[in-house]
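Novice: Sequence plus the predicted model coming up.
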Amino acid sequence: MYTTYHLESAQDVNADLLDSIKATFKSKSITITVEETDCDDELTDEMKAILDERLLEDESTDMSAEDFFNELKERYGL
């Protein structure tokens, strides 16, 4: 069993949170991993504008993913 807690700040870690973990897992062995959250999950206005422009492009000029990767390999030796 696992539970994920999302906190706005490390300052939100308090006795209530620890009590909740203790109540949930009782005397079972647990592992606690702390990970800093990147706030990159929201698009900026600039990103949205670029995507909107891309949606307006002529689809007949699109290339397949395979062709795109082949071009990258040729151009950059990937």
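Specialist: Nice, I can see it. All figures in this text were calculated on a predicted structure; none of them were measured in a lab.
Novice: C-alpha only now, for contacts and for neighbours.
Specialist: Fine.
Novice: From the centre of this structure, point out the most distant residue.
Specialist: Of all residues in the chain, residue 27 has its C-alpha farthest from the mean position, at 32.3 Å, by Cα atoms, centre = their mean.
Novice: distance of it from residue 51?
Specialist: Remark: distance between residue 27 and residue 51 (Cα to Cα, to the nearest Å) = 50 Å.
Novice: repeat for residue 3
Specialist: In terms of Cα to Cα, residue 3 sits 35 Å off from residue 51.
Novice: Residue 10 too?
Specialist: In terms of Cα to Cα, residue 10 sits 34 Å off from residue 51.
Novice: on that earlier part again, what about residue 3 and residue 51, which has more around it?
Specialist: residue 51 (12 against 8; other Cα atoms under 10 Å).
Novice: quick one: what helix or strand has that one in it?
Specialist: Per DSSP states H and E: residue 51 is located in helix 45-55.
Novice: mind saving the C-alpha coords of that helix as PDB?
Specialist: Extracted as PDB, the C-alpha positions of helix 45-55 are listed here (Å, rounded to 0.1, in the frame of the first residue of the first chain):
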ATOM      1  CA  ASP A  45       1.300  32.100 -22.100                       C
ATOM      2  CA  GLU A  46       4.300  32.000 -24.500                       C
ATOM      3  CA  MET A  47       4.100  28.200 -24.700                       C
ATOM      4  CA  LYS A  48       0.300  28.400 -25.300                       C
ATOM      5  CA  ALA A  49       0.900  30.900 -28.100                       C
ATOM      6  CA  ILE A  50       3.500  28.600 -29.800                       C
ATOM      7  CA  LEU A  51       1.100  25.600 -29.600                       C
ATOM      8  CA  ASP A  52      -1.700  27.700 -31.000                       C
ATOM      9  CA  GLU A  53       0.500  28.700 -33.900                       C
ATOM     10  CA  ARG A  54       1.500  25.100 -34.500                       C
ATOM     11  CA  LEU A  55      -2.200  24.100 -34.700                       C
END
